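*Asks:* turn this into a model:
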Amino acid sequence: MTELLKNGFSAMKLSVSDAQIAQLEDFTARMLETNKVMNLTRITDPKEIAEKHLLDCASLMQAADFSKKSVVDVGCGAGFPGMPLHILCPSCELTLLDSLGKRIRFLQGCIDAMNLSDIEAVHARAEDYARDNRGTFDLAVSRAVADLRVLSELALPMVKVGGAFLAMKAEDCTEEVETAANARTVLGAPDAEVLHYTVPFDEVSRAIVRLQKTQETPEKYPRRFKKIQTSPL
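*Replies:* Numbering: from 1, shown residues only. Modelled structure (predicted):
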């Protein structure tokens, strides 16, 4: 895994130290060990983890400057993209947010054991956390599979005006982005920029949808999650 990551980061023109690669491998080992008793990832081959998780998440660094920014990972799951992002850019202040307590306990255990700073794992529903943390973050990120309309209503209320929400999506997300036009406008980020990328050694093309927030999100958003799901904007 070490050489694959080194070569991958080099191909991406990212400057990554040996210590950071060791941290990524440490996190991977902890995830795989915990995965024996908890469903964290269906990918268990280290080579595939390097390509489909670690290098993929690192692609975010080509879409935005995370240095010294406050960042929230919405629906972080097993810690993607947040954990690799913070390891690669430790100056960012990261909040890992997920509604499943056992995932957050796993992540907090990793944070403590790896002596990571400026990072916290929060057990909360995104819509509840968003109502209490409006306009708090410079950037929101997500690799969740939810529809962009749903993710936007959960994430954009937490982003400051001038900040952005970066949603990692499949390459063919044009229709999803177009369908979310009304949601983006209502929530304060009317324009969408779709950045296409390919992870080194992995021939699958993907996309990052960047929503730049230019206006405050109306106070009534986010709504209750059931309402967001059944009546998306």
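*Asks:* can you name the residues bridging to Tyr197?
*Replies:* On the basis of DSSP bridges, Tyr197 is bridged to Arg206.
*Asks:* next secondary structure after the helix ranked longest in the chain?
*Replies:* Using DSSP state H to define each element, the chain has its longest helix at helix 18-34. The C-terminal neighbour of helix 18-34 among helices and strands, as given by DSSP states H and E, is helix 46-49.
*Asks:* which helices and strands sit right next to that following helix?
*Replies:* helix 18-34 (3 or more CB pairs under 8 Å, 6 or more residues apart in numbering; DSSP states H and E). C-beta: built from backbone N, CA, C; applies to glycine.
*Asks:* gap between the helix it packs on and the chain center?
*Replies:* 18 Å (CA atoms, centre = their mean, to the nearest Å).
*Asks:* go on, stretch 206-213?
*Replies:* With CA atoms, centre = their mean as the basis, stretch 206-213 stands 11 Å off its chain's centre.
*Asks:* any residues touching it, and which ones?
*Replies:* Under the contact criterion CB atoms under 8 Å, 6 or more residues apart in numbering, stretch 206-213 has outside partners 56, 59-60, 63-64, 148, 152, 156, 159-171, 173, 177, 184, 188-189, 191-199.
*Asks:* likewise stretch 12-27?
*Replies:* By CB under 8 Å, 6+ apart, the residues outside stretch 12-27 that reach it are 1-2, 5-6, 9, 54-55, 58-59, 61-62, 79, 83-84, 87-88, 110, 114, 200.
*Asks:* among these, which ones are buried?
*Replies:* 1, 5, 9, 54-55, 58-59, 61, 79, 83-84, 87-88, 110, 200 (16 or more other CB atoms under 10 Å).
*Asks:* tell me the buried residues in the helix or strand encompassing Ile104?
*Replies:* Using DSSP H and E, Ile104 sits in helix 101-113. By neighbour count on 16+ other CB under 10 Å, the buried set for helix 101-113 is Arg103, Ile104, Phe106, Leu107, Gln108, Cys110, Ile111.
*Asks:* Asn115 versus the residue nearest to the third one when sequence neighbours are not counted, what's the distance?
*Replies:* Spatial nearest neighbour of Phe106, chain neighbours left out: Thr34 (5.3 Å); criterion: CB to CB, 6 or more residues apart in numbering. When CB to CB, to the nearest Å is applied, the distance between Thr34 and Asn115 equals 18 Å.
*Asks:* those two: who's more crowded?
*Replies:* Thr34 (20 against 7; other CB atoms under 10 Å).
*Asks:* chain center to stretch 175-192: distance?
*Replies:* 19 Å.
*Asks:* list of residues touching the helix or strand of the chain with the lowest mean pLDDT?
*Replies:* Taking mean pLDDT, DSSP states H and E as the measure, helix 46-49 is the helix or strand of the chain with the lowest mean score, a mean of 92. Helix 46-49 is contacted from outside by Met1, Leu4, Thr28, Met31, Leu32, Thr41, Ile43, using CB under 8 Å, 6+ apart.
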